[in-house]
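Enquirer: pasting a predicted model and its sequence here:
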Amino acid sequence: MINTGSGSLIHPTAVVDPAARIAADVIVGPYSIIDADVEIDAGSWIGPHVVIRGTTRIGRDTSIYQFASVGEAPQDKKYDGEPTRLEIGAGNTIREYVTINRGTEQGGGVTRIGDHNWIMAYVHIAHDCQIGSHTVLANSATLAGHVRINDYVTLGGATLVHQFCRIGDYSFTAYGARINKDVPPFITVSEGRARPRGLNVEGLRRNGFSDTRIQALKQGYRTLYRCGLPLEQAIQQLAELDADNPDLRKLYNFLQNCSRSIVR
């Protein structure tokens, strides 16, 4: 599977283990290092000075820019060399100096990133994180271990996310947000200590949400944040708004499964 012939797309200064499984059309730039248990699917581009370690699978049409560290051992003192892995889907862009660690045995053994994500420079994704698809992680966003990011999320630059937090679909965090509780779907949170700042209306419109859907979600937001209700009562009222509305049901289901409470 690895292309090592006279027309090889692997630069001669790259250090690629012969056991690595690399599709024949993958480009590997100068001085990159790729371990034996790495698999890289077709159409991908690995820039110069990239290090890809451990048991790591990278889906097709993914680009990884210079000085990224992908699949390195987790920064967890409990880790003792157990065989864990990193799985990256298709169509991802991983920019300069990004660091992505493998999972830990205690956290399920895998760090996973979905498809078509835009991961900007200096982002850190720690062990056992689960990232969905179509997300944007802006420069210097930092995820501690076991963080779960759902689909279509945007994290502003320098956002910090505490371990075990969840961030729901279509949510948006401002620059420098410090998140230590779960962020429900569809909402915007402020810079600094994260506080709700309304629906992510612009993001919803960009992703094809109609005005009717947005109005229903505004009603859900008011119930959750503007009525002065204790959280449990707000969740109960949310369940009674419109049981057949899939967006409100998504919001309700997220709230029902929170273990760290929510930004409020």
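Expert: Here it is on my side, so go on. Numbering: from 1, shown residues only.

Enquirer: quick one: residues contacting Thr223.
Expert: Taking CB atoms under 8 Å, 6 or more residues apart in numbering, we find Thr223 in contact with 229, 234, 237-238, 241. From N, CA and C alone the C-beta is placed, and that goes for glycine too.

Enquirer: now distance to Val123 too, for those residues, in JSON lines please.
Expert: Shown next, in JSON lines, are those (distance: CB to CB, whole Å):
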{"residue": "Leu229", "distance to Val123": "36"}
{"residue": "Ala234", "distance to Val123": "33"}
{"residue": "Gln237", "distance to Val123": "37"}
{"residue": "Leu238", "distance to Val123": "33"}
{"residue": "Leu241", "distance to Val123": "36"}
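
Enquirer: name the nearest of those relative to Ala177.
Expert: Ala234 (22.1 Å; CB to CB).

Enquirer: for the closest residue to that closest one other than its chain neighbours, phi and psi?
Expert: Of all residues not flanking Ala234 in the chain, Leu224 sits nearest, at 5.0 Å (CB to CB, 6 or more residues apart in numbering). Per-residue torsions, Leu224: phi -80, psi -40 (degrees, to the nearest 10).

Enquirer: ok, now how distant is Leu224 from Ile33?
Expert: From Leu224 across to Ile33, the span is 48 Å (CB to CB, to the nearest Å).

Enquirer: ok so Tyr252 is a helix residue?
Expert: Yes. Judged by DSSP: H, G, I helix; E, B strand; the rest coil, Tyr252 forms part of a helix.

Enquirer: got the confidence number for the residue nearest to Ala234?
Expert: On pLDDT, Leu224 comes in at 95.

Enquirer: tell me who's in contact with it.
Expert: Residues near Leu224 by CB under 8 Å, 6+ apart: 184, 234-235, 238, 251, 255.

Enquirer: of the residues you listed, which belong to helices?
Expert: Judged by DSSP state H, the subset of these located in helices is 234-235, 238, 251, 255.

Enquirer: can you get me the start-to-end distance on stretch 129-137?
Expert: With CA to CA, to the nearest Å as the measure, stretch 129-137 spans 13 Å from end to end.

Enquirer: wait, I meant stretch 239-254
Expert: Using CA to CA, the distance between the terminal residues of stretch 239-254 is 12 Å.

Enquirer: report the buried residues of it.
Expert: 239, 241, 245, 247-248, 250-252, 254 (16 or more other CB atoms under 10 Å).

Enquirer: for Cys129, state which of those is nearest.
Expert: When these are compared for distance to Cys129 (CB to CB), Phe254 wins out at 17.7 Å.

Enquirer: surely the closest one and Pro185 touch.
Expert: Yes. Using CB atoms under 8 Å, Phe254 makes contact with Pro185 at a distance of 5.5 Å.

Enquirer: shared neighbours of those two, anything?
Expert: What both Phe254 and Pro185 touch, as defined by CB under 8 Å, 6+ apart, is the set Gly168.

Enquirer: want to throw the buried residues of stretch 239-254 into JSON lines with distance to Gly47?
Expert: Listed next are the buried residues of stretch 239-254 as JSON lines, based on distance: CB to CB, whole Å:
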{"residue": "Ala239", "distance to Gly47": "49"}
{"residue": "Leu241", "distance to Gly47": "49"}
{"residue": "Asn245", "distance to Gly47": "45"}
{"residue": "Asp247", "distance to Gly47": "39"}
{"residue": "Leu248", "distance to Gly47": "43"}
{"residue": "Lys250", "distance to Gly47": "37"}
{"residue": "Leu251", "distance to Gly47": "40"}
{"residue": "Tyr252", "distance to Gly47": "43"}
{"residue": "Phe254", "distance to Gly47": "37"}
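
Enquirer: in TSV, list those residues along with distance to Val161 and pLDDT.
Expert: Output for these, formatted as TSV (distance: CB to CB, whole Å; pLDDT from 0 to 100):
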residue	distance to Val161	pLDDT
Ala239	27	89
Leu241	29	89
Asn245	28	94
Asp247	24	97
Leu248	25	96
Lys250	20	96
Leu251	20	96
Tyr252	23	95
Phe254	16	96
